[in-house]
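Engineer: Have a look at this prediction, sequence included:
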Amino acid sequence: MKDLARIVAFLLALAPSALVAQTASSTAGPKPTPDERIQRLVASISEERLQSIVAKLAGFGTRETLSDTTSPTRGIGAARQWIFDELTRSSPKLQVSFDTYQIAPQGRIPRNLELRNVIAILPGRTDRRIYITGHYDSVNLGPGVSAGVAVAAPGTRGPDPQRSTEFDANANAPGADDDASGVALTIELARVFANSGINFDATLVFACWAGEEQGLFGSSAHAQKLAADKAVVEAMLSNDIVGGIRAGDGVVDAATVRVYSLGPDDSMSRSLARYIQWAAGVYVPSHRVRLMAREDRFGRGSDHSSFTTQGYPAVVFRESKENLARQHSADDTPDGVDAAYLGQNARVNGAAAASLALAPPAPRVTDDRGRPLIARDPSGYDASLRWAASPGSVAYRVYWRDTWSSDWQQSQIVGNVTHFVLPDVSIDDFAFGVAAIGRDGHESLISVYVSPEGPVAPVKLAN
Ligand SMILES: [Zn+2]
């Protein structure tokens, strides 16, 4: 047996991925059997409701963060109250609140500002959190500016209109695609999750942010507070501009969505991105998730970065074909949002979040000092993987792949253990990860053993 292993190891050195494929005991990826409860949840998403929420939000005229808060029908004050009321109406199980911050003048915020996110919490059996979010504020940067975004090279834009004293925070800014689409998705998923009858292990948080267009203020203040409270956030799904199918050049794509995530390649944000692609493949096979190995589009950003800044895994969904000229203008109207497409994106969010919320937490694969629990024992040429037991797990699945590949190539279920050895597999030649499996077969995110990297200390030269 040992000889055979050594022969295999020798052949592996010649053609790693091909031979691993023949020798591994199973293929990569969580089990493809769908959970009927999640199928029902995904099927109960209403495109009509998504469409009517987008129209309602656009109907407030503007939701600019610095716009009027006193009118019952126009401005961000009316909009946030309606979101609060709509979430409250959706289910008695949702704990709805204003998440309020007093913001000092800074950057694009010229005065003291009371900023309110609207949050709905669906408590699970544990405190670990999974976020589904969009930003409900909108902006109109003035004539010509949004089109300038479309044609200007990154970094060559003119002065920032939001910093001008002439800037009108009450100008029409319907923000239908940016980002009533993401907020409608968030509000609809809050309703669907709360009424699913599923008893989730994780706590679901449905968050509608303000202050995004000034620089992620609402999500940033919230994520800062989470980190200070040492809250556990397993995943944050930001949905920002997710309802359009037609680009400004007329190209149409209603069949795919982009998911951006911050690296490095084996960050938990990338792990989350892969998980979303997997969940879409199982529950929404008619919609394709295109993973983007970068934080976001050039010169653009969103609330996921508030969470990654605090060390929390986060991604952002972006429609595949954007009409840049309509964004941040009075032209971002509901006719630019396709309810069927938005529905598909909501289904992908729902499937991924529900699968994660039913799974155990991802296993910890580092020690208290953050060092990966990977070694070459016992032979000195084996892959020896250790991890901390994940509460609620009944088994674990070890994954591996070529270091140069971005997708997992092989996996093996290893039972309810916290140590596993792949004999004669070099830890230096492959990437390894491990996921926790719960009682009903749901798998966690994959935690990856990341090789520590550090700068070489500068050499001190004698004078
Ligand atoms: Zn946006």
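Structural biologist: It's in. Residues are numbered from 1 along each chain as shown.
Engineer: what's stretch 270-289 in contact with?
Structural biologist: 29-30, 32, 34, 38-39, 42, 235, 237, 255-257, 259-264, 291, 293, 313-315, 344-345, 347-348, 351-352, 355-356, 362, 407-408, 433, 445-448 (C-beta atoms under 8 Å, 6 or more residues apart in numbering). Where you see a C-beta, it was placed from the backbone N, CA and C, and this is true even at glycine.
Engineer: Could you pull up the mean pLDDT of that stretch?
Structural biologist: Stretch 270-289 comes out with an average pLDDT of 97.
Engineer: which parts of this structure sit against the ion?
Structural biologist: Asp178, Asp179, Asp240 (C-beta under 5 Å from the ion).
Engineer: By neighbour count, which of these wins?
Structural biologist: Asp179 (33 neighbours; other C-beta atoms under 10 Å).
Engineer: coming back round to it: next step: the contacts of stretch 270-289 restricted to strands.
Structural biologist: Judged by DSSP state E, the subset of the contacts of stretch 270-289 located in strands is 235, 237, 256-257, 259-261, 291, 314-315, 433, 447-448.
Engineer: The helix or strand hosting Val398: which residues count as buried?
Structural biologist: Assigned by DSSP states H and E, Val398 belongs to strand 393-402. Neighbour-count burial for strand 393-402, counted by 16 or more other C-beta atoms under 10 Å, picks out Ser393, Ala395, Tyr396, Arg397, Val398, Tyr399, Trp400, Arg401.
Engineer: so how far is the ion from the third one?
Structural biologist: To tie it back to what came earlier, the one meant is Tyr396. According to C-beta to the ion, to the nearest Å, Tyr396 stands 38 Å off from the ion.
Engineer: Helices of this structure, residue ranges please.
Structural biologist: 2-14, 16-23, 36-43, 47-58, 76-90, 145-151, 181-194, 212-215, 217-228, 268-283, 304-309, 339-358 (DSSP state H).
Engineer: Show me where the protein dips below the pLDDT cut-off.
Structural biologist: 1-32, 144-157 (pLDDT under 70).
Engineer: domain parsing for it?
Structural biologist: Following automatic domain parsing, one gets these domains for the chain: 2-30+362-448, 36-358.
Engineer: Tell me which of those domains sits most buried.
Structural biologist: Among the domains of the chain, domain 36-358 has the highest mean neighbour count (mean count of other C-beta atoms under 10 Å), at a mean of 20.
Engineer: Quick one: end-to-end distance for it.
Structural biologist: 13 Å (C-alpha to C-alpha, to the nearest Å).
Engineer: same thing with stretch 185-203?
Structural biologist: 18 Å.
Engineer: Stretch 388-398 now?
Structural biologist: 13 Å.
Engineer: residues in contact with that stretch?
Structural biologist: 30, 126, 201, 360-365, 385, 387, 411-418, 420, 422, 432-439, 443-444.
Engineer: cutoff 6 Å now
Structural biologist: Outside stretch 388-398, the residues within contact range by C-beta atoms under 6 Å, 6 or more residues apart in numbering are 360-361, 363-364, 411-416, 418, 420, 434-439.
Engineer: returning to what we had before: which one, of the helices of the chain, ends up nearest to Pro159?
Structural biologist: Smallest distance to Pro159 across the helices of the chain (C-beta to C-beta): 9.9 Å, for helix 145-151.
Engineer: Quick check: the residue of the stretch 201-350 of the chain nearest the ion.
Structural biologist: Nearest residue of the stretch 201-350 of the chain to the ion (C-beta to the ion) works out as Asp240 at 4.2 Å.
Engineer: Now that residue. Nearest residue, chain neighbours left out?
Structural biologist: Ser302 (4.2 Å; C-beta to C-beta, 6 or more residues apart in numbering).
Engineer: Can I get stretch 300-314 in PDB, CA atoms only?
Structural biologist: Written as PDB, here are the backbone C-alpha positions of stretch 300-314 (Å, rounded to 0.1, in the frame of the first residue of the first chain):
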ATOM      1  CA  ARG A 300     -16.900  52.000  -8.200                       C
ATOM      2  CA  GLY A 301     -17.700  50.600  -4.800                       C
ATOM      3  CA  SER A 302     -20.400  49.300  -2.400                       C
ATOM      4  CA  ASP A 303     -21.300  48.300   1.100                       C
ATOM      5  CA  HIS A 304     -19.500  44.900   1.000                       C
ATOM      6  CA  SER A 305     -16.300  46.800   1.500                       C
ATOM      7  CA  SER A 306     -17.500  48.100   4.800                       C
ATOM      8  CA  PHE A 307     -17.700  44.500   6.000                       C
ATOM      9  CA  THR A 308     -14.400  43.200   4.400                       C
ATOM     10  CA  THR A 309     -12.700  46.200   6.100                       C
ATOM     11  CA  GLN A 310     -13.700  44.700   9.400                       C
ATOM     12  CA  GLY A 311     -12.600  41.300   8.400                       C
ATOM     13  CA  TYR A 312     -16.000  39.900   7.600                       C
ATOM     14  CA  PRO A 313     -16.700  37.800   4.400                       C
ATOM     15  CA  ALA A 314     -18.700  39.900   1.900                       C
END
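Engineer: So what's the gap between that stretch and the chain middle?
Structural biologist: Between the centre of stretch 300-314 and the centre of its chain there are 9 Å (C-alpha atoms, centre = their mean, to the nearest Å).
Engineer: What of stretch 394-411?
Structural biologist: Centre to centre, stretch against its chain (C-alpha atoms, centre = their mean), the figure for stretch 394-411 is 21 Å.
Engineer: Stretch 277-286 too?
Structural biologist: With C-alpha atoms, centre = their mean, you get 15 Å for stretch 277-286.
Engineer: Equivalent analysis for stretch 440-458, please.
Structural biologist: So, by C-alpha atoms, centre = their mean, the centroid of stretch 440-458 is 18 Å from its chain's centroid.
Engineer: ditto for stretch 100-111
Structural biologist: 26 Å.
Engineer: Same check on stretch 416-434?
Structural biologist: Using C-alpha atoms, centre = their mean, the offset of stretch 416-434 from its chain centre is 28 Å.
Engineer: Now do the end-to-end distance for that stretch.
Structural biologist: Terminal-residue distance, stretch 416-434 (C-alpha to C-alpha): 12 Å.
Engineer: contacting residues around that stretch?
Structural biologist: 5, 9, 363, 374, 381-387, 389, 394-396, 398-401, 403, 414, 446-449.
Engineer: do the same with stretch 340-353
Structural biologist: Under C-beta under 6 Å, 6+ apart, the answer for stretch 340-353 is 38, 41-42, 45, 47, 50, 130, 132, 181, 185, 188-189, 237, 242-243, 245, 254, 257, 276, 279-280, 283-284, 287, 317.
Engineer: quick one, what contacts Gly124?
Structural biologist: Gly124 sits in contact with Phe200, Asp201, Ala202, Thr203, where contact means C-beta under 6 Å, 6+ apart.
Engineer: could you dump those to CSV with distance to Ala169?
Structural biologist: Below are these laid out as CSV (distance: C-beta to C-beta, whole Å):
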residue, distance to Ala169
Phe200, 39
Asp201, 42
Ala202, 37
Thr203, 35
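Engineer: Just to be sure, which of these are found in strands?
Structural biologist: Those of the contacts of Gly124 lying in strands (DSSP E): Thr203.
Engineer: just the contacts of Gly124 now: which is nearest Gly107?
Structural biologist: Closest to Gly107 out of these is Thr203 (32.0 Å), distances taken as C-beta to C-beta.
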